[in-house]
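# How does the following fold in three dimensions:
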Amino acid sequence: MRLLSPWVCYTSRTLRALFVISLLIMSYSIKCDAQVSGTVFYDFDANGIQTPVSPTEAGVAAIGVRIFVGGNVYPLITQTDKSGHYTFTAQQVPSGSVARVEFFNLPETFSVSSAGPQNGTEVQFVQAPALNVNLGIFNDDEFCNVDINAQIITACYSMGDPLKNGSAGDDPALVLFDYNAEGEGGTPSGSPMEKLANASTIGSTWIASYQRSSNTLLVGAITRRHVGLGPLGTGGFYSVDLNNRAVSNFIDVKTIGIDTGPDPHIDPATGLNILPADKLARSRDSLAFHTAAKVGIGGSQLSIYQDTLFLINLYDRKLYSFSVQKPLKAPANMAEAQTKSFQIPHPGCSNNEFVPWALKYYRGKLYVGVVCTAETSQKKSDLKAAIYEFDPKSTSFKSIFEFGLDYPRGAIDSTPGCDATNGWQPWTNVFPKQCNYPAGSPDPVAAFAIYPQAILSDIEFEDDGSLLIAFMDRLGLQTGQDQPGIAVDDTLNYYGFMSGDIVRAQYNADSTYILENNGKSGDLQGCGINTNSGPGGGEFFCEDYWLNGLNEVGHQEITNGAMLKIAGIPEVLVSAMDPIHGLYLSTGFVAYDTKTGKRNRSFSVYSLNPGSLGKSGGVGDLARICDPAPLEIGNTVWFDANKDGIQTPNEALIDNIVITLHDMQNGGIEVARDTTANGGHYYFNDTNVPGRLKRNHAYEIRIDLNQEIQTSVLDTIPANGRLQIQTVKLIDTLTISPLRVTGDTQNILRDSDAEFNIDSTQAIVKVITGDNSQNNFTFDIGLTINNIIEENNDLEITKRVVGNCVHEVGDEVIFEIVVRNVATASTAIADSVMIADTLVNNLTFINFTTSKGTYDSSTHLWGPFSMQPGESDTLTITAKINSFQGGFLSNQAEVIKAVGTDVDSEPNNSDKTEDDYAIAYLSVPIPICTSRQDTLIIKAPDGFTSYQWFKDGVEITGATTQTLSVHESGNYTVEVDSGQCPTNNCCPIVVREYCECPARPCIPVILKKIKASQSTSP
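So this is what the prediction gives:
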């Protein structure tokens, strides 16, 4: 062949600019020519289907998606947009090509959802075009199927000391009802309720957390006036086993170093509880008035793995954590508890007066709600609320939202005199005056007490990350129903009114929040515009009022500070006094639409119940009880044609293989079986494993290689096909692929995890299951031909300049590179073919086209892709000749990588004599001035055995060395005979007569100019 010297370079600045332009063009047209696309969505009910309502399952942004086209080992990568959508264009994935799509960078705590019609798991094999390559994700904490066994538990309160064997201990302290309950609970016209615990068992509590794996609820003690604590005092936690309804003392956290303060119902002088045993009896309980929200436990939440309990200690205003194990088990001592404390920050509260309460676990973090109380300054401008994010890993707090509490609110009660004190007030230890009396004459029968003091008591997250913030009225903790004031000379009996609130804060793309304003929050418009109630003069949740029997508004702020939101369901349950219109002295819940702020339904736990707290907050927080999130393991069995242990898109998936699951913690007995289908897939889950798939448990997945399957001829499997038709015995035909050829997190999605048992009759995969929702679809099994002789491939490259090879500076030129697999045997496949193709300095890259794969102009790499026997693929590169004074410019290419052995060449060895290496040249004329007797010395490439020079196609006699002295214009070529493939068809060196040329031209051939008047110089 004829070859001339190659040089490699290009202008990187120009390439970067062109690359940016091409990306902009591609992003603009991406939706028009999408070839492979799909959506990543929240599958809250884990059914593998994205639903628009009940639940509403939105897309997930910023999920990584990579696609491997054909045999390529280097993927194209993108990520989902704000709607969860992603796409790869037809240029990236040509029509008809097979590809493997992988999803990565899932949000913390999330796993791939159960396989289903719209969820093909995190690795999917497709043939372009494929437009619904979707992925559903979920987690245990947010999983709930509202239509199947979703229930709610709340605490409720009766007045008196429940431990004195009187009527105060007989009433329910925990009740359970359906999520969709409405009406007057426990009556023929309302939804049923179940009593879970009496007051004598647990006393006054606030829901803590629910451990799904053990189906056990934890509740923690709450101190409030007139209502006694349970046997464990202010630091008590109680467990409720919902499997058998057993209620037990769990732990007094004082025993593990968490001082929650003294019981305010205990007389310090006598050490006796001053509360009566009779729930209808009265007591001043004055110390509890002053310590409300300052003693005992606030919010509590289990950790991400539900083996650590976090709690707010109101007594020292710190966040604590201690170990509770799984299933729930109280620590026996300090060492087992591993108690830790964390100082909660505040938003610059005056006089350092702040109180925390709310604690919310959400997606790996904890969120703490704090209010500035302004007790000393008594300035409403000092009232603030703040929410802090706590990272359990770094144990650091970060402020995420702060806002003032001096916004207007509606009338708490419409009674004349009681409709004036509506907005949030600085905290006080002074008992409020009766507000409902005419002409200065107090009513001794029913004195109303109103003085709202904010406690940020609950936090929930909308599906888009927006905040729902609930406030409890501290006065509800300080008062009761028909109970005396705290002063000994006060002869009135008071009815306290708990008047909380709920506000919304929109989450923004920059991770900030904006408080609702005049009923508007982000793109949502609530129902309370211009009501003079709420931030900005309106409120998003407008129907937080109660209508009396005359259909008149009696209360404009009825919420009580407890809240519950189920992911995907566009409503929030909020505790409320008088939740049902016309029903008096009741407490329960209202369900509000989170898109409109309107009321969906109402449910009362009690009404006109003697001994209850009436309107002063008769229920506590809420717990959602849903079935545990499902668990599923499995994936695919495939035919590993090239035996490399990596599953590529052009390798077939094998149906009809029986897979068995064995319990390795129970003697290895078989507990379930499945048969690969629909493209080699198999799964084990809670539905096909009797008694559910055990969590955190050792199993083995096995294939009995003595089984017979229906299959095709294994060495001629079509790309992405399925094996069927012929009956073969696995052990006679197949063996397992190499085990886990790489240990990185990417290849675990596509490598083979099977190994032989002792006698090599079974392929086994060792499995440790995760917890609820921790699905694992990485258990792939590769099977390959047993004792087959693979044929060698034969890759060769040819290159040419399209059209005339002689060009001027400024011309655009096109190089064409063709690679062929000229092998003929059916198994002579070349996988992961990668070709390096480079340009010299004086060529500026413009664009490329390719029949397969893609060309990266920054790395000069084309591929990777797979080539079947007889296949050829083409790359064309367009470049522009920039500043140059003449000579050769080259474009060279070489196969630098391929899986499989080439019969006559070795990748990436720079051997120009091999057929996997090729160079194409173009020529730019070189000036020479014969009148000055100029001489050009040109040199052919190194590494060849013989040379023959030609001028204008005529052999130059005696010109058989590597160099040639040129004295006149003409077209010069050289024939290089390496002993293997001689040729004489190269592009000529064009020498033109030009006597005003520079004295020392710089050209990319080795030359010397010799003038008659001077000696030879380089």
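# Now the residue nearest the centre of the chain: phi and psi?
For the chain, the residue sitting closest to the mean C-alpha position, by Cα atoms, centre = their mean, is residue 107 at 2.1 Å. Dihedral angles of residue 107 (phi, psi; degrees, to the nearest 10) stand at phi -60, psi 150.
# ok, now which ones touch it?
60, 137, 363 (Cβ atoms under 8 Å, 6 or more residues apart in numbering). C-beta: built from backbone N, CA, C; applies to glycine.
# Let's see that with 10 Å instead.
Neighbouring residues of residue 107 by Cβ atoms under 10 Å, 6 or more residues apart in numbering: 42, 60, 61, 62, 63, 137, 139, 363, 364.
# Quick one: buried ones out of those residues?
42, 60, 63, 137, 139, 364 (16 or more other Cβ atoms under 10 Å).
# and which of these is nearest residue 223?
Closest approach between the buried ones among the contacts of residue 107 and residue 223, by Cβ to Cβ: residue 364, at 31.0 Å.
# So the closest one versus residue 108, what's the distance?
Distance of residue 364 to residue 108, computed by Cβ to Cβ, to the nearest Å: 4 Å.
# and if you look at residue 326?
Per Cβ to Cβ, residue 326 is found 19 Å from residue 108.
# Show me which of those two is the more surrounded one.
Each of residue 326 and residue 108 has its neighbours counted (other Cβ atoms under 10 Å); residue 326 has more, 17 against 10.
# Surely the more buried one forms part of a helix?
No. Secondary structure of residue 326 (DSSP: H, G, I helix; E, B strand; the rest coil): coil, not part of a helix.
# Name the nearest residue to residue 694, sequence neighbours excluded.
Among residues not flanking residue 694 along the chain, residue 769 sits closest, at 6.5 Å (Cβ to Cβ, 6 or more residues apart in numbering).
# make that residue 381, sorry
residue 406 (6.1 Å).
# Would you confirm that residue 966 contacts residue 935?
Yes. The criterion here is Cβ atoms under 10 Å, and residue 966 meets it with residue 935 at 6.8 Å.
# For stretch 400-420, what is the distance to the chain centroid?
Computed by Cα atoms, centre = their mean, to the nearest Å, the chain-centroid distance of stretch 400-420 equals 39 Å.
# and the end-to-end length of that stretch?
Chord length of stretch 400-420, first to last residue, is 33 Å (Cα to Cα, to the nearest Å).
# now swap in stretch 678-695 and tell me
27 Å.
# Going forward, the N-terminal residue is numbered 55.
With 55 as the first residue, the last one maps to stretch 732-749.
# And that stretch, what's buried?
Result for stretch 732-749 [16+ other Cβ under 10 Å]: buried residues 733, 734, 735, 736, 737, 738, 739, 740, 743, 747.
# How about stretch 447-457?
Residues 451, 454, 455, 456, 457 are the ones in stretch 447-457 that count as buried (16+ other Cβ under 10 Å).
# and what of stretch 659-677?
659-661, 663, 665-677.
# Return that stretch as PDB; C-alpha atoms alone will do.
Extracted as PDB, the C-alpha positions of stretch 659-677 are listed here (Å, rounded to 0.1, in the frame of the first residue of the first chain):
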ATOM      1  CA  VAL A 659     -64.000  10.700  68.000                       C
ATOM      2  CA  TYR A 660     -66.400  11.900  70.700                       C
ATOM      3  CA  SER A 661     -69.100  14.400  71.200                       C
ATOM      4  CA  LEU A 662     -70.700  15.700  74.500                       C
ATOM      5  CA  ASN A 663     -68.700  13.000  76.300                       C
ATOM      6  CA  PRO A 664     -68.700  13.700  80.100                       C
ATOM      7  CA  GLY A 665     -65.100  13.800  81.400                       C
ATOM      8  CA  SER A 666     -63.600  14.600  78.000                       C
ATOM      9  CA  LEU A 667     -61.700  17.800  77.200                       C
ATOM     10  CA  GLY A 668     -64.500  19.200  75.100                       C
ATOM     11  CA  LYS A 669     -63.100  22.000  72.900                       C
ATOM     12  CA  SER A 670     -59.700  22.100  74.500                       C
ATOM     13  CA  GLY A 671     -57.900  19.500  72.400                       C
ATOM     14  CA  GLY A 672     -59.300  16.000  73.200                       C
ATOM     15  CA  VAL A 673     -57.200  14.100  70.700                       C
ATOM     16  CA  GLY A 674     -53.500  13.800  70.100                       C
ATOM     17  CA  ASP A 675     -51.300  13.000  67.100                       C
ATOM     18  CA  LEU A 676     -52.100  10.500  64.400                       C
ATOM     19  CA  ALA A 677     -50.400   7.300  63.300                       C
END
